[in-house]
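Engineer: Predicted model and sequence follow; I will ask about them next.
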Amino acid sequence: MRLRAPKISPPAYAKIATTALVLLIAIVFSGAAVRLTGSGLGCPDWPDCHGKVLQTELTSHGAIEYGNRLVTGLVAIAAIAASLAAFLRTPFRKDLAILGALLPLGVIGQAVLGGMAVLYGLAPGWVMGHFLLSMAILAGAVTLAWRARAPDTDSDTNPRQVVLATRALVPLGAWVLFLGTVTTASGPHPGSSGTGEVVHRFGFKGGDTLDWMIHWHGRFSTLLGLAALATWFLARRHHADRQTRKALTAVCLLLAAQGVVGFIQYETGLPTEIVWIHVVLATCTWLALMWSVNAAGRLAPALRGALAERNRGLARAPGPTT
């Protein structure tokens, strides 16, 4: 008797992809907590923790770090499930299979970078790479979850100007994230508890490094906020669809909240709790950017895009009065 591989319906696969996305977001939040509570070297070796795979007796810092590693295991399972299920989805879609296959590769890369960060005593480069790879994985996971819920026959529904402007926000957002990691690597939260642990911090501007980075990070964050607001107005002017406008609204509101939190943490001396909120909001802003890009959709050919925009304008024009 031949065994047949199970078939997974599009709604079922969409739930699997969404679950993987939620767990990937959770691991970013828990990883930020590890760093900001000084638990980065709670388990000073890797992949073991104090020489053991399974640990039951740990300090509070060790428990936080070890718990984060356990959550990573759940994330790996979800990523593998999303990858395998993409090949069992009926009907099969190549784009979902490619995106799904990238998730477990990204999680493996995360585990390696996390291990190197521990083995090299939380050296800034490894820690920064660990976080930035998380953002890249989230970009893929958002796209996978979005496309898994989209119809199998996608069509371009937004004007070219809106699609291009929305996509242009992504490299600027990535640059702001990078500057944020450099700023954190120059600040008072090295990720260790400080008990006999020496963690290198950036000091390329001497004692002014942190303040210099905070101001440059703030300048580019302001530029991103202005660019997002301009894109929001552009989307309204060219009658972008509701999802795109909602996503861009979320980006603008999150960036505004980031500005307020950033000012508070600067004025209060970078307290741990506020910095964690800042990291969470940065992650949510990146997620909203990915949502915006996916909602904006494909780039229509120039001629077809012009005709589509003309038709949208005619559809919204007031009818003749008698």
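Structural biologist: Sure thing, it's come through.

Engineer: list the contacts for the spatially closest residue to Arg167 that is not a sequence neighbour?
Structural biologist: Spatial nearest neighbour of Arg167, chain neighbours left out: Val293 (5.8 Å); criterion: CB to CB, 6 or more residues apart in numbering. Glycine gets a C-beta too; all of them are placed from N, C-alpha and C. For Val293, the contact set (CB atoms under 8 Å, 6 or more residues apart in numbering) comprises Thr166, Arg167, Leu169, Val170.

Engineer: How about the secondary structure of Ala295?
Structural biologist: Using DSSP: H, G, I helix; E, B strand; the rest coil, the structure places Ala295 in helix.

Engineer: Ala247 is in contact with that one, correct?
Structural biologist: Yes. Counting by CB atoms under 8 Å, Ala295 does reach Ala247; the two are 4.7 Å apart.

Engineer: where's Arg219 relative to Ala111, distance?
Structural biologist: Between Arg219 and Ala111 the computed distance is 35 Å (CB to CB, to the nearest Å).

Engineer: Who has more neighbours out of those two?
Structural biologist: Ala111 (18 against 12; other CB atoms under 10 Å).

Engineer: Please read off the pLDDT at the more buried one from the model.
Structural biologist: pLDDT for Ala111: 84.

Engineer: got a list of what the closest residue to it other than its chain neighbours touches?
Structural biologist: Of all residues not flanking Ala111 in the chain, Thr72 sits nearest, at 6.4 Å (CB to CB, 6+ apart). Contacts here follow CB under 8 Å, 6+ apart; on that basis Thr72 touches Ile27, Val107, Gln110, Ala111, Gly114.

Engineer: With Ile8 instead?
Structural biologist: Contacts for Ile8 (CB under 8 Å, 6+ apart) come out as Ile16, Ala85, Leu88, Arg89, Thr90.

Engineer: The helix or strand harbouring Thr72: what's the following helix or strand?
Structural biologist: For Thr72, the element it lies in under DSSP states H and E is helix 60-88. Per DSSP H and E, the first helix or strand lying C-terminal to helix 60-88 is helix 94-119.

Engineer: buried ones in that following helix?
Structural biologist: 96-97, 99-104, 106-107, 109-111, 113-118 (16 or more other CB atoms under 10 Å).

Engineer: Please apply the same query to stretch 272-279.
Structural biologist: Those would be Ile274, Val275, Trp276, Ile277, His278, Val279, for stretch 272-279 by 16+ other CB under 10 Å.
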